[in-house]
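# Using only what follows, build the 3D model:
(one chain, ligands or ions: 1)
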Amino acid sequence: MTSFLWGARFDAPPDAQLIDFASSFRDDLAIAAFDIRASRAHVLVLERAQVVSSGEACTLDNALVTVGRELADRSFDGDATFEDIHSAIEARVSELAGAEVGGKLHSGRSRNDQVATAIALFARDGLGGVASDAAGLAVEFLDAADRELTAESLMPGTTHCQPAQPILIAFWLHAAGVGVARQIRRLDVMRDSMNRCPLGAAALAGSSLPLDRRLAAAVLDFTAGPSENALDSVGDRDMVLDTLYACSTLLVHLSRVAAELIAWCSPLVGFVRLSDDAATGSSIMPHKRNPDTFELVRAKAASVAALLTSVFAQLKGLPISYHRDLQESKRALIAGLAETQVSVRAFRRAFSSISFDRARCNAAVVDPFVCSTDLAERMILGGVPFRAAHAAVGGRIKTAEAAGAPLCGDDGAPLDPLSSVRAKATLGSTNPSLLRQAILATRISLLPSLAEAALYKEETQ
Ligand code: ARG
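Numbers count the residues shown, from 1 in each chain. Got it, this is the predicted structure:
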């Protein structure tokens, strides 16, 4: 099957090598279902405009449903000689509905508005899916946090990778979860911003057919209605940037959590143990147990950020309106969402298989000086100006260090890390009871995404 789209004006068919180079058909299979949805909405609009009769609308709609099913079960695989999935679907509809009726489907639309609509729908769906997966991962962090909170297990909190102050392991886990919850909000904001429907913008200037763009927008759930300007609309790829930005930011966060877990899995640190089914061995060193999943997620963050950068580079300086360059951004969108989805799922799987070595973590907090700030703060409460307290504690550390002794409180006993975390009084601190409330608040903030995830699961089962 070859492209029939622009036949009459041309004496020769397109060169096979060039069509092969230019076709996005294979990548486009990911967005096929969204083109079908948008095309069905277009049929409704054509019927309302009396461009097609009710009977013809019915024939077109049935054909679209059939093509959708054929694409899903791969019984219609199209043909990579099509420039894209949009032309392939239209051709197949014409085969099914006959050229007379099928030939009416493209009235008043262009692939320019068609592709913009399909990728906006695809991006919204993809963002919702990633948010659902991320919510599951966040809950995993919070469940682990609750377990460690009950055990009141401690670890050295660090800055610059240096022991800084004692924290609860639960506090670190909550930090990882809060970061994911923040990313979920960003995913939701980006999804909600894709609320104007490009369909009906046609090639660039709109159509002279009386198409009810509000109807298309409503049917496709674009809550703000039709896009405001056809010329802007056919070239707008903000939805691609927004999606890739939100995905990159999520993965960058996970890459940072991964970096810490990777270090902790090393026997040199030994805070964390990865179970056998999530660890990787070495082909030469029999003793190795490597945290490859976390390393790969760390690298995927770079890959998705690179896709975002590639789209920035494609768009920069591109005149407004449609240009074929934009096709390449579609590919970045599809790949970026897919990479993000598999990364979040793999991270969750690997994370669910780790355990903290509490004894080792607790033992690491026995660094003699990690409670120095508590000592200084105690002096402040006794009326000593902070700078003077800092200097006094610094002096005591110097003496203790020279004597190889721990830093002691005024009672002469070494400072206790558990008392340190319990003494914290500020919101968002590592204080156990404040942390318990904070974990609960984060859980509550995730409820809408979890409810949506459950619905989504039901729908796709
Ligand atoms: N194949 C293009 C894409 O998938 C859409 C084609 C629009 N082509 C055109 N000549 N206006 O992005």
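
# drop to CA atoms for contacts and neighbour counts, all remaining ones
Noted.

# Looking at the chain, what residue ends up closest to the ligand?
Closest contact between the chain and the ligand, by CA to the nearest ligand atom, is at residue 327 (3.6 Å).

# Might you report the residue contacts of that residue?
Shown in contact with residue 327 (CA atoms under 8 Å, 6 or more residues apart in numbering): residue 24.

# That one and residue 337, how far apart?
According to CA to CA, to the nearest Å, residue 327 stands 16 Å off from residue 337.

# got it, and residue 166?
38 Å.

# Repeat that for residue 224.
Taking CA to CA, one finds residue 224 at 24 Å from residue 337.

# Between the two, which is the more surrounded one?
residue 337 (23 against 16; other CA atoms under 10 Å).

# got the buried residues for the one helix or strand that one maps to?
Using DSSP states H and E, residue 337 sits within helix 326-351. Residues of helix 326-351 classed as buried under the neighbour-count rule (16 or more other CA atoms under 10 Å) are 326-327, 329-337, 339-341, 343-348, 350-351.

# Check stretch 301-314 too.
301-312.

# what's the answer for stretch 195-209, then?
Neighbour-count burial for stretch 195-209 [16+ other CA under 10 Å]: 195-204, 206-207.

# what about residue 157, which SS state?
strand (DSSP: H, G, I helix; E, B strand; the rest coil).

# Can you name the residues of the protein sitting close to the ligand?
83-84, 111-112, 115, 326-327 (CA under 6 Å from any ligand atom).

# The closest residue to residue 155 other than its chain neighbours and residue 59: what is the separation?
Closest residue in space to residue 155, ignoring its immediate chain neighbours: residue 361 at 4.8 Å, by CA to CA, 6 or more residues apart in numbering. For residue 361, the distance to residue 59 (CA to CA) stands at 67 Å.

# now swap in residue 172 and tell me
Residue 172 is 59 Å from residue 59, by CA to CA.

# Residue 6 now?
For residue 6, the distance to residue 59 - CA to CA - is 24 Å.

# cool, and residue 271?
Applying CA to CA to residue 271 and residue 59 gives a distance of 64 Å.

# shouldn't residue 370 be in contact with residue 164?
Yes - the pair residue 370 / residue 164 is scored as a contact, 5.6 Å apart, by CA atoms under 8 Å.

# secondary structure class for the residue nearest the centre of the chain?
When CA atoms, centre = their mean is applied to the chain, the residue found nearest the centroid is residue 247 (3.4 Å). Following three-state DSSP, we place residue 247 in the helix state.

# which residues touch the nearest residue to it once chain neighbours are set aside?
Leaving out its chain neighbours, the residue that sits closest to residue 247 by CA to CA, 6+ apart is residue 340, at 6.2 Å. By CA under 8 Å, 6+ apart, the contact set of residue 340 is 130, 247-248, 251, 300, 304.

# The residues you listed: which two are farthest apart?
The largest separation in the contacts of residue 340, counting by CA to CA, is between 130 and 300 at 14.7 Å.

# Model confidence score at residue 221, please.
With respect to pLDDT, residue 221 has a value of 98.

# For the nearest residue to it once chain neighbours are set aside, what are phi and psi?
Spatial nearest neighbour of residue 221, excluding adjacent residues (CA to CA, 6+ apart): residue 195 at 7.8 Å. Dihedral angles of residue 195 (phi, psi; degrees, to the nearest 10) stand at phi -120, psi 10.

# just residue 203 next, same as before
phi -70, psi -40.

# Quick one: the strands in the stretch 251-400 of the chain, in order.
Secondary structure of the stretch 251-400 of the chain by DSSP state E, counting those that start in this stretch: the strands cover 272-274, 354-356.

# Check which helices and strands the last one is in contact with.
I take that to be strand 354-356. strand 272-274 (3 or more CA pairs under 8 Å, 6 or more residues apart in numbering; DSSP states H and E).

# List of residues touching the strand it packs on?
261, 264-266, 291, 350, 353-357.

# hmm, which of those residues are the buried ones?
Of the contacts of strand 272-274, these count as buried by 16+ other CA under 10 Å: 261, 264-266, 291, 350, 354, 356.

# What is the lowest-pLDDT residue among these?
Within the buried ones among the contacts of strand 272-274, lowest confidence goes to residue 291 (92).

# re the thing from before, which ones among the residues of the chain next to the ligand are found in helices?
111-112, 115, 326-327 (DSSP state H).

# Farthest pair within those?
111 and 326 (12.0 Å).

# Look at the residue lying farthest from the centre of the chain and report its pLDDT.
Of all residues in the chain, residue 403 has its C-alpha farthest from the mean position, at 52.3 Å, by CA atoms, centre = their mean. What the model reports as pLDDT for residue 403 is 92.

# What backbone torsions are found at it?
Torsion angles, degrees, to the nearest 10, at residue 403: phi -90, psi 0.

# now residue 415
Taking degrees, to the nearest 10 as the convention, residue 415 sits at phi -70, psi 140.

# where's it relative to residue 371, distance?
The value you get for residue 415 to residue 371, if CA to CA is used, is 6 Å.

# can the residues of the chain next to the ligand go into TSV with extra columns for distance to residue 422 and pLDDT?
Formatted as TSV, these follow (distance: CA to CA, whole Å; pLDDT from 0 to 100):
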residue	distance to residue 422	pLDDT
83	64	92
84	61	95
111	62	97
112	61	98
115	57	98
326	56	98
327	56	98
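
# Tabulate the residues you listed in TSV, adding columns for distance to residue 319.
Formatted as TSV, those follow (distance: CA to CA, whole Å):
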residue	distance to residue 319
83	23
84	23
111	18
112	15
115	18
326	11
327	15
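
# Buried by neighbour count, from those residues: which ones?
Of the residues of the chain next to the ligand, these count as buried by 16+ other CA under 10 Å: 83-84, 111-112, 115, 326-327.

# in stretch 434-445, what counts as buried?
Quick answer for stretch 434-445 (16+ other CA under 10 Å): 434-436, 438-439, 442-443, 445.

# Can you tell me which of these end up in strands?
Assigned to strands by DSSP state E, none of those qualify.

# For the stretch 151-300 of the chain, just list every one of the helices.
Using DSSP state H, counting those that start in this stretch, the helices of the stretch 151-300 of the chain run over 169-193, 213-219, 230-235, 238-265, 292-315.

# can you tell which of these is closest to residue 322?
helix 230-235 (4.6 Å).

# ok, and what's touching the closest one?
Residues contacting helix 230-235 (CA under 8 Å, 6+ apart): 112-113, 116, 198, 200-206, 227, 320-323, 326.
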